[in-house]
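K.L.:
Got a predicted structure plus its sequence, pasted below:
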Amino acid sequence: MSYPLFLTLHLFAALVFIGTVFFEVLFLESIRKQLPAKVMVLLEQGVSQRARQLMPWVLLVLFGAGGGMVWLRYWPALSSPLQSSFGVLLGLKILLAGSVLGHFLWAMWLFRSGRMNARYVHIIHASVFLHLVAIVLLAKAMFYVTW
């Protein structure tokens, strides 16, 4: 596979993942007040169930394609990341992405063990949302910010 294919797969998977998190944080939370509680519970259950089915595959493509991009093009920058602003920003981006993956695995464990509750959902969504905003900013800054 070539770099452009990895990049395209990575961008589409990021679009799905980030879009889902943004929808859950920015839309679902705000419409909670407008819908009856029973309807909101059904909506959240439906979204949550679909996300749990789809997101493992999306994350597999996202991280697989990201790894392919590193392997094909960015390994030199990561082998000595402090030598360039690009390497530092890419390293930070990968670190945050690893944290997002950790959040996802934690959430999956909470769901499977029956320990997931509204408080955990709120904490995980808020944290992942902030991580993703930082990742998007770092992804752009890598190519435009130098020191």
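P.N.:
Now that the structure is in, tell me what you want to look at.

K.L.:
to the chain's geometric centre, what's the distance from stretch 106-117?
P.N.:
Relative to the centre of its chain, stretch 106-117 is centred 18 Å away, using CA atoms, centre = their mean, to the nearest Å.

K.L.:
How about residues contacting that stretch?
P.N.:
R52, P56, Y120, I124 (CB atoms under 8 Å, 6 or more residues apart in numbering). In this view, the C-beta of every residue, glycine as well, is placed from N, C-alpha and C.

K.L.:
Now stretch 64-77 - C-alpha only, CSV.
P.N.:
The C-alpha trace of stretch 64-77 is given here as CSV (Å, rounded to 0.1, in the frame of the first residue of the first chain):
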residue,chain,number,x,y,z
GLY,A,64,-3.5,0.9,11.2
ALA,A,65,-3.4,3.6,8.5
GLY,A,66,-1.6,5.9,11.0
GLY,A,67,1.0,3.3,11.7
GLY,A,68,1.4,2.7,7.9
MET,A,69,2.0,6.5,7.4
VAL,A,70,4.6,6.5,10.2
TRP,A,71,6.3,3.5,8.7
LEU,A,72,6.4,4.9,5.2
ARG,A,73,7.1,8.5,5.7
TYR,A,74,7.4,9.7,9.3
TRP,A,75,9.7,7.2,11.0
PRO,A,76,12.8,9.5,10.6
ALA,A,77,11.0,12.3,12.4
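
K.L.:
Show me which residues of it are buried.
P.N.:
By neighbour count with 16 or more other CB atoms under 10 Å, stretch 64-77 contains the buried residues A65, G66, G68, M69, Y74, A77.

K.L.:
Distance from the helix or strand of the chain with the lowest mean pLDDT to the middle of the chain?
P.N.:
Least confident helix or strand of the chain, by mean pLDDT, DSSP states H and E, is helix 29-31 with a mean of 87. Distance, stretch centre to chain centre, for helix 29-31: 21 Å (CA atoms, centre = their mean).
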